[in-house]
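Colleague: Return atomic coordinates for the entry below.
(chains A and B)
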Number of protein chains: 2
Amino acid sequence: MIKEEGPRDSPCGPNQTFWISEVGGLTQFGAFVEVLPPGSRSSIKHWHSSEDEMVFVLEGLVTLIEGDRELVLRPGDAATFKAGDAVGHCLENRGETATKCLVVGTRASIDRITYPDHDRVCHRDRSLPDDIWTDSRGNPAASPYQV
Amino acid sequence: MIKEEGPRDSPCGPNQTFWISEVGGLTQFGAFVEVLPPGSRSSIKHWHSSEDEMVFVLEGLVTLIEGDRELVLRPGDAATFKAGDAVGHCLENRGETATKCLVVGTRASIDRITYPDHDRVCHRDRSLPDDIWTDSRGNPAASPYQV
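Modeller: Got it, this is the predicted structure:
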């Protein structure tokens, strides 16, 4: 596995990603183990237009935030996020020890990631070097990860 | 998760599959926890033309058989099988307690699964109800799972 540290200044707090898919040259889905220290989130609440996602808890208690709902996932629990289901989700570690999850997501060539609580949309074309960010009306806007 | 018992008369021995992807309505990849009792195999040695695969060990020692190589995987270890890599692989439980793995595989609309030790090819078109089995020359042949 290839270890990657999350950005230091993320509004979600620090995290570590241990890539599995990259090591084996997989291109059709991404797979990694994500470690969240206490207080960190996996991402800002979002949903994907075109990519199925799944999370499987390996260690610790992980709070799944999905729309207005919250649910504590335990080791052995899984959650799925079907492409196009317009409900924002993210994971948060509200415990006192690090959590560890296996995360899998399809790699679609074109995807649109909506951040419903931030009025932001990320337009992703994997053939281009960078994502394009807009607000929900399509006006250019900053990424919500820029703090 | 939805529990499914493997066929009673499989040459690979009994197994249980706990489906994750089906519960959440995912269609782009399949994801499940597979339990292998001592002596069971996950499948007959095979490789996919069009579907990336990944396995992550949750419990027990799992022997990965890949071509002529064997390797023991421990909890936390992962293995990937890139679509088109023409090396047959399967997992075997040679221990004395059940093993548990998380398995993920893309769902390609068309796939060809080659069983190099059995001179068999499975032609899969997900728009059709059944797979078609041939030998490596394309002649109709029985599935190697029929014993």
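Colleague: so where's chain A shaky on pLDDT?
Modeller: Scanning chain A for pLDDT under 70 picks out the ranges A:147.
Colleague: residues in it within reach of chain B, list them.
Modeller: Taking Cβ under 8 Å from any Cβ of the partner chain as the criterion, chain A approaches chain B at residues A:1, A:20-21, A:23-29, A:31, A:51-52, A:54, A:56, A:58, A:78-83, A:102, A:104, A:106, A:108. C-betas here are computed from N, CA, C, even on glycine.
Colleague: Now, the residues you listed that are in strands?
Modeller: Assigned to strands by DSSP state E, the following of the residues of chain A next to chain B qualify: A:29, A:31, A:54, A:56, A:58, A:78-81, A:102, A:104, A:106.
Colleague: can you list those residues in JSON lines and add neighbour count?
Modeller: Compiled in JSON lines, these are given as follows (neighbours: other Cβ atoms under 10 Å in any protein chain shown):
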{"residue": "A:Phe29", "neighbour count": "25"}
{"residue": "A:Ala31", "neighbour count": "27"}
{"residue": "A:Met54", "neighbour count": "25"}
{"residue": "A:Phe56", "neighbour count": "23"}
{"residue": "A:Leu58", "neighbour count": "20"}
{"residue": "A:Ala78", "neighbour count": "23"}
{"residue": "A:Ala79", "neighbour count": "20"}
{"residue": "A:Thr80", "neighbour count": "19"}
{"residue": "A:Phe81", "neighbour count": "22"}
{"residue": "A:Leu102", "neighbour count": "23"}
{"residue": "A:Val104", "neighbour count": "27"}
{"residue": "A:Thr106", "neighbour count": "21"}
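Colleague: and which of those is nearest chain B?
Modeller: Proximity to chain B was ranked across these by Cβ to the nearest Cβ; first place goes to A:Thr80, at 2.6 Å.
Colleague: distance of that closest one from A:Leu71?
Modeller: With distances defined as Cβ to Cβ, to the nearest Å, the gap from A:Thr80 to A:Leu71 amounts to 13 Å.
Colleague: And for A:Arg107?
Modeller: Spatial separation of A:Arg107 from A:Leu71 under the definition Cβ to Cβ is 27 Å.
Colleague: repeat for A:Phe32
Modeller: Look at A:Phe32 and A:Leu71: by Cβ to Cβ, they are 22 Å apart.
Colleague: since we're on A:Glu5, how many residues are nearby?
Modeller: When counting by other Cβ atoms under 10 Å in any protein chain shown, one arrives at 9 neighbours for A:Glu5.
Colleague: in the sheet, who's paired with it?
Modeller: For A:Glu5, the beta-bridge partners under DSSP bridges are A:Gln16.
Colleague: Tell me who's in contact with it.
Modeller: By Cβ atoms under 8 Å, 6 or more residues apart in numbering or on different chains, the residues touching A:Glu5 are A:14-16.
Colleague: Drop anything exposed from these.
Modeller: Buried by 16 or more other Cβ atoms under 10 Å in any protein chain shown: A:15-16, out of the contacts of A:Glu5.
Colleague: Which member of the contacts of A:Glu5 is positioned nearest chain B?
Modeller: Comparing those against chain B with Cβ to the nearest Cβ picks out A:Gln16 as the nearest, at 14.1 Å.
Colleague: which SSE is A:Val72 in?
Modeller: Under the criterion DSSP states H and E, the helix or strand holding A:Val72 is strand A:69-73.
Colleague: quick one on the thing from earlier: A:Phe32 and A:Leu71: which is more packed in?
Modeller: When neighbours are counted by other Cβ under 10 Å, A:Phe32 and A:Leu71 differ, and A:Phe32 comes out ahead with 23 against 11.
Colleague: what's the distance between that one and B:Asp125?
Modeller: Following Cβ to Cβ, the distance that separates A:Phe32 from B:Asp125 is 31 Å.
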